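Peer 1: sequence first, then the predicted structure, then my questions.
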Amino acid sequence: MNATMWVDGREVELSGENNILEVVRKAGVDLPTFCYHSELSVYGACRMCLVEDERGHLLAACATPPEPGLKIRTNSKRLLHHRRLILELILANHNRDCTTCEKCGECRLQELANRLGVTQVRFRQKKQAEPVDVGPALVHDPSKCILCGDCVRMCEEVQGVGVLGFAYRGSRLAVLPAFGKKMSEVECVNCGQCASVCPTGALVVKSDVERVWAALSDPTKKVVAQVAPAVRVSFSEAFGLPPGTVGAGQVVAALKRLGFARVYDTCFTADLTVREECHEFLERLNSGTKLPQFTSCCPAWVKFAEQYYPEYLPHISTCRSPQAMFGAVAKAYLPEELGVKPENLYVVSIMPCTAKKFEAGRRELARAGIPEIDAVLTTQELVRMVRQASLDFTQLEPEAFDLPFGLASGAGVIFGVTGGVAEAVLRTAAWALDGKTPELEFRAVRGLASCKEAVILLGGREIRVAVVHGLAAARRLLETLRAGEGKYDLVEVMACPGGCVGGGGQPLPNDTDHRAARAAGLYSLDRQRELRRADENPLVEKLYREHLGAPGSEEAKRLLHTHYSPRRRISGEEVAVAPGAAAKTKIRVCVGTSCYLKGSYDVLQAFHRAIAASGRAEEFDLGATFCLENCPGGPSVQVNDKVLGQMTPEKAAELVRSLSETKEQV
Amino acid sequence: MFDDNITSGRRFAAVNEIVEKHGRRPEHLVAILQEVQEVYRYLPEEVLTYVATSLGLSPAKVFGVATFYENFSLEPKGKYVIRVCDGTACHVRGSALIQAAVRERLGLKEGQKTTSDLLFTLETVACLGACALAPVVTINGDVHGQATPEKIVALIDELAKGERKS
C-alpha cells in the first residue's frame, strides 16, 4: 500500500501528487484558488488554498509537497476567516461593476466571494480608474486585475511570448505590457490564452456581438456564417453538457434561429486547405526546397513567426487558413449563388479562437481594401448571443450545414485539434504518393504531448513530421532547427495547448481535461465519417472543376494563398509623417529628446516642404523616430540605412534635391 | 557629401559591450541596466528592448525590473542631478525646506522632476549615509553637507550661469 496522508480526519492515499492541493482535491475538497493552474508553474501568491497542519501552522497547499503521515485540515473557523479577509482585501481595490462586466457569472472572484459568504467590504477603494485597452482580439482592464499572475505565466511559460509582466512595486504594482503600451502595440499574438486563465474580467475576449446583431437586423444584408471544427465540441458545455459532446446540428439550428441566412462548415474549406497545402508540400518535397514546410492555419503562430523567426517565413505554407479561404470563396462565389449583391453579403466566422479576429483584419487578406470576413465571433460570444435571444439550446432540433460549403471529410474535422492538420495532409499525401488507400490514422501525431515526432514511409521515402502546440514548444523546435539540429519535412504548429479545441475563445473552464475531451469529440466525429480524406470530398472537387481548376492553379493562388512579412515586435517608435505610395527612399528624422532640443523638428519640417516641392512625393517615405542612437551628432536623420548627423534645414532641402536628381538620371 | 557624418551605432556599441561583458546572462540584468544607465543617463525604451532581446527575456520582464527599482529612470534626466536627502536626520534638520526652495528655483510643477531645458533633475533619496552632515544634498555625486536652501539655490545659480556661457 502506498503512503497516506490525512485530510480532515480521512486517510488519503498518495500516488505521486506534486502538492497538497492535488491530494486535497483528490479527497473531494475543492479548495479555492486564483493562482494555481496545473499547466503553469506554482506561484503561491493568492493564499486562498491555505490549510492548517496539526501544530496549527498555515501552509499554502499548492506550494507544499505532500508528506506521508501529514495531517491537515482544510476548513476551520480560522481558515474561513483568512479566506474571507483575503477576498475582502482583493475586493477593496477591485472594480466592482459586476453587473455590467463581461465576465459576470463566470468570474472566479465573484464566485468565491459568494461561496465563502463575503457580504461586505469594509475598506475604501483606493485605486484610480485606468484606461481600458481594447485591442483587435482582447480587452485588458487593469482595474479588474487581482495580480494573481496567471496571464503572466501563461504567456511566458506556455506561449513563450511574455507580453505581460509585473511592473512597478508595492501599491502601484500592475500587470502590464512592456512600457505600459497597449497589447496591440507589443508582441502579443492574440492567442487569448491569458483570457482563458484570467479569473476575473481583467482580460476578456473583445466582443463583436453588437456588430453582428446590427448586421442581422439590417434588411439589406444577407448574413452567412461559417463554423469552425472546434466550436461543435465545446459549445454545449456552456449549456451544462459534458465537454466533447458533439453539437454541430444544434449550433447550426441556433444560428438559423438567430437570423443567419446560411450556415456553412469551415471543415469544408479545411478540406480545401488540405488540397492546396498537400499540393504545395509534394511540390516542395519533389524539388527539395523550403523544407520543412510549416502549416499556416494558426494566425497566432503566423504572427509569432513574423515577429521572431522571419528567416522561416518562406517555409510557411502560403495557404490561407480555412477561415480566410472561406472568406475568399464566399465573397467570390456566394453572391451569385444566393442572388445578392457582393457588398450585401456579410460573412461571420464562428471560431474557438481570438487570433482569428486579428487575422480577419489583416491587410493581405482583404480585397480592394475590404475584408473578406466581416466579423469573427468566438464560441463564448455565440453562447452569449444564444442566451441574449433566450433560446433553449438543449431543446433545438439539429439541422444540417448548407451546401455547397457544408460537406466535409473527417480530415477537415480534425483540423481543430493538435496533430489534425498534419494528419489530414498526410492522408491525402499518402493517397497521392502511394496510390492506394493508406492507413488513415496517424496516431503518432495525436495526443497532448507538447512535441510529437513521427517518421512515416510514403511513396518509398521517409517523411519526417513534427507537431507542436503551445508557442513555447514551437520556439524550442525552431531553436533546434536554427542550431542545425533536427530535420523535418512537415511541421504543424498550433499556438494553443491542445490545438484549436483549447482556443482562447472557448467556453470556460478551458483546462487540460476539457481540451482532451473536446479532442476526443473531434476524433470520434472523424471516425463516423464515410469520407476521411480531403481529396474524397466531392464538393471540393466540384469547386475545383467549376471555378478553381486544380490545386496550385493561378485562380487558386489568387484566392487561396497569401504571403507573410517580418513584423516589428514593439510598435509606436516611429511616426509616419508623409508615407509615399511608391517609396524608394525612406527618411527617418530623429525626434528623440537630444535631437529635438537641437532643432530636429525644424529639420523634419524642412524635409516635408522639400519633398512636397520636389514633385516626387510618392517616392519618399518620411517619418519620425524616437532615437537613432546618434545623440551626440544630432540632429540625426536616417536615409534608408545610413544615419546622417548634424542635419540642418538647409542640408535637408539639398539632400532631397540631390536624391530627386539621381532618380531622374536613372 | 554627408559621409563624414555617419556615426551610426556608436552608443549602441557601448550597450552591446556591456551586455557581452556580462556574457548575455539574464541573471545579470540589474547590473547591466545600471551600466546602461551610466551611458545614457536613463533607460530609453528602445535600449531596454534591445537588452531584453539580447538576454532572451521579454521586454515586459525587463520593464518590470526597471520599474521595480527607484534607481532606474525611464525618463531622460537633466545634466545635473540634484539629490536631496530626506532620511530621518536630514528631515528633522529641514530638508523639506531645501526641496521646496529648489523646486521654486527650477520652476518644477508637481510631479515634474526634470526642467524642460533638461539641465536639472531633482530627486529625493531616503538616506545618503552622511547623517552627521545633515541636511545633505548631492549634485552629480558631489556631496554638500549642512546644506541650507540659500546655499543650494546659489549653487544652482552658478551652474546655470556656467551653462549659459558655454
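Peer 2: All right, it came through fine. Residues are numbered from 1 along each chain as shown, chains lettered A, B, ... in the order given.

Peer 1: may I see the buried residues of stretch A:165-180?
Peer 2: Using 16 or more other Cβ atoms under 10 Å in any protein chain shown as the test for burial, stretch A:165-180 gives A:G165, A:F166, A:A167, A:A174, A:V175, A:L176, A:P177, A:A178, A:F179, A:G180. (Each C-beta comes from the backbone N, C-alpha and C, glycine too.)

Peer 1: strands - which of those land there?
Peer 2: The members of those that map onto strands under DSSP state E are A:G165, A:F166, A:A167, A:A174, A:V175, A:L176, A:P177.

Peer 1: which among those gets closest to chain B?
Peer 2: Nearest to chain B, judged by Cβ to the nearest Cβ, of those is A:G165 at 3.3 Å.

Peer 1: from the buried residues of stretch A:165-180, which is closest to B:E158?
Peer 2: A:F179 (37.0 Å; Cβ to Cβ).

Peer 1: can I assume that closest one is in contact with B:F63?
Peer 2: Yes - with contact defined as Cβ atoms under 8 Å, A:F179 and B:F63 form a contacting pair (5.6 Å).

Peer 1: need the residues touching each of these two.
Peer 2: Shared contacts of A:F179 and B:F63 (Cβ atoms under 8 Å, 6 or more residues apart in numbering or on different chains): B:L48.

Peer 1: on that earlier part again, farthest-apart pair in the ones in strands among the buried residues of stretch A:165-180, please.
Peer 2: Maximum pairwise distance in those, criterion Cβ to Cβ, is 11.6 Å, between A:F166 and A:P177.

Peer 1: ranges for the strands of the stretch 51-200 of chain A?
Peer 2: A:58-60, A:71-73, A:133-134, A:138-140, A:164-167, A:174-177 (DSSP state E, counting those that start in this stretch).

Peer 1: make CSV out of those strands and add mean pLDDT and distance to A:K206.
Peer 2: Converted to CSV, those look like this (pLDDT from 0 to 100; distance: least, Cβ to Cβ, whole Å):
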stretch, mean pLDDT, distance to A:K206
strand A:58-60, 95, 34
strand A:71-73, 95, 43
strand A:133-134, 94, 6
strand A:138-140, 96, 5
strand A:164-167, 96, 16
strand A:174-177, 95, 16
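
Peer 1: and the residue of chain B closest to chain A?
Peer 2: When scored by Cβ to the nearest Cβ, chain B has B:S58 as its residue closest to chain A, at 2.7 Å.

Peer 1: what is the burial count for A:N2?
Peer 2: 8 (other Cβ atoms under 10 Å in any protein chain shown).

Peer 1: please name the nearest non-neighbouring residue to it.
Peer 2: Closest residue to A:N2 apart from its sequence neighbours, by Cβ to Cβ, 6 or more residues apart in numbering or on different chains: A:E13 at 5.0 Å.

Peer 1: how long is stretch A:20-34 from one end to the other?
Peer 2: 16 Å (Cα to Cα, to the nearest Å).

Peer 1: now do the contacts for A:Y544.
Peer 2: The contact partners of A:Y544, by Cβ under 8 Å, 6+ apart, come to A:R275, A:A550, A:P551, A:A556.

Peer 1: picking that back up, does the residue of chain B closest to chain A really touch A:V186, like I thought?
Peer 2: No - counting by Cβ under 8 Å, B:S58 sits too far from A:V186 to count as a contact (9.1 Å).

Peer 1: and the contacts of A:Y544, which of them are buried?
Peer 2: Of the contacts of A:Y544, these count as buried by 16+ other Cβ under 10 Å: A:R275, A:P551, A:A556.

Peer 1: hang on, the earlier thing: dihedrals phi and psi, the residue nearest to A:N2?
Peer 2: phi -80, psi 140 (degrees, to the nearest 10).

Peer 1: export the buried residues of stretch A:165-180 to a markdown table and tack on distance to A:S296?
Peer 2: Formatted as a markdown table, the buried residues of stretch A:165-180 follow (distance: Cβ to Cβ, whole Å):
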| residue | distance to A:S296 |
| --- | --- |
| A:G165 | 30 |
| A:F166 | 34 |
| A:A167 | 34 |
| A:A174 | 36 |
| A:V175 | 31 |
| A:L176 | 31 |
| A:P177 | 26 |
| A:A178 | 28 |
| A:F179 | 31 |
| A:G180 | 33 |
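
Peer 1: from A:Q293, how far off is A:V274?
Peer 2: 13 Å (Cβ to Cβ, to the nearest Å).

Peer 1: so between those two, which is more surrounded?
Peer 2: Between A:V274 and A:Q293, counted using other Cβ under 10 Å, the more crowded position is A:V274 (31 against 25).

Peer 1: in helices only, show me the buried ones among the contacts of A:Y544.
Peer 2: A:R275, A:A556 (DSSP state H).

Peer 1: got the buried ones among the contacts of A:Y544 as a markdown table, with pLDDT and distance to A:D434 columns?
Peer 2: Shown next, in a markdown table, are the buried ones among the contacts of A:Y544 (pLDDT from 0 to 100; distance: Cβ to Cβ, whole Å):
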| residue | pLDDT | distance to A:D434 |
| --- | --- | --- |
| A:R275 | 96 | 17 |
| A:P551 | 94 | 18 |
| A:A556 | 95 | 24 |
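
Peer 1: need the buried ones among the contacts of A:Y544 in JSON lines (columns: distance to chain B).
Peer 2: Shown next, in JSON lines, are the buried ones among the contacts of A:Y544 (distance: Cβ to the nearest Cβ, whole Å):
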{"residue": "A:R275", "distance to chain B": "39"}
{"residue": "A:P551", "distance to chain B": "40"}
{"residue": "A:A556", "distance to chain B": "39"}
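
Peer 1: about what we covered before: neighbours around the residue nearest to A:N2, how many?
Peer 2: Quick note: A:E13 (other Cβ under 10 Å) scores 13 neighbours.

Peer 1: strands of chain B, start to end?
Peer 2: Here chain B has its strands, by DSSP E, at B:80-85, B:120-125, B:137-139, B:142-144.

Peer 1: look up the closest residue to A:L478, ignoring the ones flanking it.
Peer 2: Closest residue to A:L478 apart from its sequence neighbours, by Cβ to Cβ, 6+ apart: A:Y309 at 5.4 Å.

Peer 1: can you read off the pLDDT for that neighbour?
Peer 2: pLDDT, A:Y309: 86.

Peer 1: and it, how far from B:R83?
Peer 2: For A:Y309, the distance to B:R83 - Cβ to Cβ - is 45 Å.

Peer 1: ok, now A:M351?
Peer 2: 55 Å.

Peer 1: the two: who's more crowded?
Peer 2: A count of neighbours by other Cβ under 10 Å puts A:M351 above the other of A:M351 and B:R83, at 33 against 18.

Peer 1: who touches the most centrally placed residue in chain B in this structure?
Peer 2: Ranked by distance to the mean C-alpha position of chain B (Cα atoms, centre = their mean), the top residue is B:K77 at 5.3 Å. Listed by Cβ under 8 Å, 6+ apart, the contact set of B:K77 reads B:R41, B:Y42, B:K113, B:T114, B:T121.

Peer 1: could you export the strands of the stretch 51-200 of chain A as JSON lines, including distance to A:R387?
Peer 2: Putting the strands of the stretch 51-200 of chain A into JSON lines (distance: least, Cβ to Cβ, whole Å) gives the following:
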{"stretch": "strand A:58-60", "distance to A:R387": "37"}
{"stretch": "strand A:71-73", "distance to A:R387": "40"}
{"stretch": "strand A:133-134", "distance to A:R387": "23"}
{"stretch": "strand A:138-140", "distance to A:R387": "19"}
{"stretch": "strand A:164-167", "distance to A:R387": "30"}
{"stretch": "strand A:174-177", "distance to A:R387": "29"}
